[in-house]
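Enquirer: Build the 3D model from these lines:
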Amino acid sequence: MPGQRDVTRINPVLKTYDWGDTTFIPRLLGLEPSGKPVAEAWFGTHPAGEATLDDGTPLSTLTGPLPFMVKFLSAARPLSLQVHPSLAQAREGFARENAAGIALDDPRRNYRDASDKPEILIALGPFSALCGFHDPAATAGWFRAKGWNELADGLDSLGIEGFVVEALTGTRLSVPADLPPWTETLRAAHPDDPAILVALLMHWVELAPGECLALEAGVLHAYLSGNAVEVMNESDNVVRAGFTTKHRDRDELLRITSFEPCASPVRRAINGTYPSTGSYRVSVHETGTTITAAQTTIVVTSTGDAAVLTAGQRYEVTDGTAFAATAGTPR
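Expert: Presented below is the predicted three-dimensional model:
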């Protein structure tokens with residue numbers, strides 16, 4: 001990084017989940033694509049994938065354990081319908097699965113640590129997702145306009161939570177044939193998955209570059225396609241119930257999901273700072289600006305650079321957009 005001799009570059013751990021794109025992250029990082037999907041690049045100190053310094057030593061030797069993690073994410077096809085736990089739920093679930101003797105690397109595991117996982121996703125380009133529930137009266141009206149009277153009646157009588165329970169565990173509701181275009185990738189990848197019914201209750205959003213989703217505990221979501229930066233508490237706790245070949249735990253997802261409707265979940269940075277309820281703060285900086293670290297800071301850019309700054313160090317943004325993550329108010 002020209003002109004930035006006082007900062008240390010960091011190298012991520014790559015995650016090759018099957019939903020990942022084969023080229024975006026490798027090319028962003030200056031690597032030759034192998035033809036295999038690369039879904040995420042992790043910049044953090046989580047034991048499931050700790051980043052390294054240029055000399056190969058773990059990032060934590062410089063920073064100690066970080067309370068947050070930064071990722072590049074690249075989705076070529078939809079991720080699972082999922083939710084993240086609150087801190088209390090994570091601690092209880094982690095202890096429960098430990099007591100049951102489920103190994104940390106067991107695919108059946110929901111809770112791989114005792115932390116909550118509030119996260120924000122910032123789009124690097126057009127990005128589509130499902131996030132949170134629409135107002136049920138408006139959704140029922142849309143159902144009736146589509147001629148889906150059975151679904152409208154079900155939502156009117158059961159409410160959001162009852163409809164989701166019935167969709168995932170019952171037989172009363174059926175997926176209509178004339179689904180909207182945005183469901184096509186879901187139906188193609190998972191044609192018999194009843195979670196498509198749940199998706200019809202949710203906000204379908206298309207983020208523009210720089211827009212974000214700020215996900216608190218209990219918010220049901222599914223990322224569909226696109227490239228983004230994610231920042232989250234340093235946790236790998238995910239409970240899934242659809243659109244995946246991974247472990248599903250519908251009962252646990254139903255237990256910890258919030259079924260309250262919400263307005264549009266799309267957010268933007270205010271005065272250069274993104275909204276967050278996690279143990280981190282995230283700011284955005286354009287070309288020609290300088291980031292001065294007050295404390296340990298992870299910087300990633302839209303052109304693939306990644307660095308760690310300690311207190312007092314400076315990072316000049318010479319190309320693209322930079323996102324700087326630091327620890328937030330300790331809880």
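Enquirer: Bridge partners for residue 226, pull those for me.
Expert: Listed beta-bridge partners, residue 226: residue 75 (assigned using DSSP bridges).
Enquirer: Tally up the residues packed near the closest residue in space to residue 219 that isn't next to it in sequence, please.
Expert: Sequence neighbours aside, residue 132 is the residue nearest to residue 219 in space, at 5.6 Å (criterion: C-beta to C-beta, 6 or more residues apart in numbering). For the C-beta atoms, the positions are set from N, CA and C on the backbone; glycine is no exception. By other C-beta atoms under 10 Å, the residues close to residue 132 number 22.
Enquirer: ok, residue 132 - contacts?
Expert: 202, 203, 219, 220, 221, 261, 262, 265 (C-beta atoms under 8 Å, 6 or more residues apart in numbering).
Enquirer: Out of the residues you listed, flag the one nearest to residue 86.
Expert: The shortest approach to residue 86 among the contacts of residue 132 belongs to residue 219, at 11.0 Å (C-beta to C-beta).
Enquirer: Helix, strand, or coil at that closest one?
Expert: coil (DSSP: H, G, I helix; E, B strand; the rest coil).
Enquirer: List the buried residues for whichever helix in the chain runs longest?
Expert: Assignment by DSSP state H gives helix 149-169 as the longest helix of the chain. For helix 149-169, a neighbour-count test (16 or more other C-beta atoms under 10 Å) marks 151, 152, 154, 155, 158, 160, 163, 164, 165, 166, 167, 168 as buried.
Enquirer: and the gap between residue 200 and residue 37?
Expert: Using C-beta to C-beta, to the nearest Å, we find residue 200 at a distance of 28 Å from residue 37.
Enquirer: For the two, indicate the residue with more neighbours.
Expert: residue 200 (23 against 20).
Enquirer: any chance you could map the helices in the stretch 1-150 of the chain?
Expert: In the stretch 1-150 of the chain, the helices defined using DSSP state H, counting those that start in this stretch lie at 24-28, 60-63, 87-99, 136-146, 149-169.
Enquirer: So for residue 181, which of those helices sits nearest?
Expert: helix 136-146 (13.1 Å).
Enquirer: Could I have the CA atoms of the closest one written out in CSV?
Expert: Taking C-alpha atoms only, helix 136-146 is exported to CSV below (Å, rounded to 0.1, in the frame of the first residue of the first chain):
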residue,chain,number,x,y,z
PRO,A,136,-49.1,-8.5,7.9
ALA,A,137,-52.2,-6.5,6.8
ALA,A,138,-50.4,-5.2,3.8
THR,A,139,-49.0,-8.7,3.0
ALA,A,140,-52.5,-10.2,3.2
GLY,A,141,-53.8,-7.5,0.9
TRP,A,142,-51.0,-8.4,-1.6
PHE,A,143,-51.9,-12.1,-1.3
ARG,A,144,-55.5,-11.4,-2.2
ALA,A,145,-54.5,-9.2,-5.1
LYS,A,146,-52.5,-12.1,-6.4
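Enquirer: Name all residues that make contact with the closest residue to residue 321 other than its chain neighbours.
Expert: Spatial nearest neighbour of residue 321, excluding adjacent residues (C-beta to C-beta, 6+ apart): residue 302 at 4.5 Å. Residues near residue 302 by C-beta under 8 Å, 6+ apart: 124, 320, 321, 322.
Enquirer: Let me have these in a markdown table, adding distance to residue 229 as columns.
Expert: Output for those, formatted as a markdown table (distance: C-beta to C-beta, whole Å):
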| residue | distance to residue 229 |
| --- | --- |
| 124 | 6 |
| 320 | 11 |
| 321 | 9 |
| 322 | 10 |
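Enquirer: Quick one, which of these are buried?
Expert: 124, 321, 322.
Enquirer: correct me, but the second one touches residue 283?
Expert: The one in question is residue 321. No - if you go by C-beta atoms under 8 Å, residue 321 and residue 283 don't touch, sitting 11.1 Å apart.
Enquirer: Can you name the secondary structure element that comes next after the longest helix of the chain?
Expert: helix 184-189 (DSSP states H and E).
Enquirer: Roughly how far does the residue nearest to residue 219 sit from residue 7?
Expert: Distance of residue 132 to residue 7, given as C-beta to C-beta: 37 Å.
Enquirer: If we go by neighbour counts, what in the helix-or-strand element of the chain with minimal mean pLDDT is buried?
Expert: Taking mean pLDDT, DSSP states H and E as the measure, the helices and strands of the chain show their lowest mean at helix 184-189, namely a mean of 87. Within helix 184-189, the residues that count as buried by 16+ other C-beta under 10 Å are 185, 186.
Enquirer: and if you look at stretch 208-224?
Expert: Neighbour-count burial for stretch 208-224, counted by 16+ other C-beta under 10 Å, picks out 210-224.
Enquirer: Right, I'll call it a day here.
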